[in-house]
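Undergrad: Sharing a model prediction with you, sequence too.
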Amino acid sequence: QVQLVESGGGLVQAGGSLRLSCAASGRTFSAYAMGWFRQAPGKEREFVARIRWSGGSTDYGDSVKGRFTISRDKAKNTMYLQMNSLKPEDTAIYYCAAANFATTKRDEYAYWGKGTQVSVSA
């Protein structure tokens with residue numbers, strides 16, 4: 001089993017920055033990819049970014065490219081999402097997830113955290 005706990009959410013003004021963290025525990029993660037998804041009220045959960053745990057290759061959703069950066073610290077079993085130039089439309093609950101292979105598809109992620117709220121004011 002894999003346990004995931006997000007932190008770092010909060011309220012920020014448009015143009016500001018936040019860094020989310022996802023602490024992972026349980027099975028080793030060398031074979032896993034991890035990702036960030038978000039869900040705004042009344043909308044489906046959408047892909048934000050993912051990183052391959054061993055090699056570090058990354059992928060981003062179109063709406064966050066150039067503004068968000070995903071990274072991981074293997075020694076700490078922690079993944080990060082640095083969010084810059086935040087916009088009101090980035091407001092959502094952000095979820096950390098883990099998969100058995102590198103994917104951007106929500107349904108292929110087997111493990112999920114409980115989420116952290118990010119609110120961006122205009």
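TA: Alright, I've got the coordinates. Numbers count the residues shown, from 1 in each chain.
Undergrad: measure the residue most central in space within the chain to I51 for me?
TA: Using C-alpha atoms, centre = their mean, the residue of the chain that lies closest to the mean C-alpha position is W36, 2.3 Å off. Counting by C-beta to C-beta, to the nearest Å, the separation of W36 from I51 is 9 Å. Backbone N, C-alpha and C define where each C-beta goes, glycine included.
Undergrad: who touches both of those two?
TA: Counting by C-beta atoms under 8 Å, 6 or more residues apart in numbering, the common neighbours of W36 and I51 are I70, M79.
Undergrad: Could you check how far W36 is from V64?
TA: The value you get for W36 to V64, if C-beta to C-beta is used, is 9 Å.
Undergrad: so what sits against both of these two?
TA: Overlap between the neighbourhoods of W36 and V64 consists of V48, A49, taking contacts as C-beta under 8 Å, 6+ apart.
Undergrad: This completes my enquiry, with thanks.
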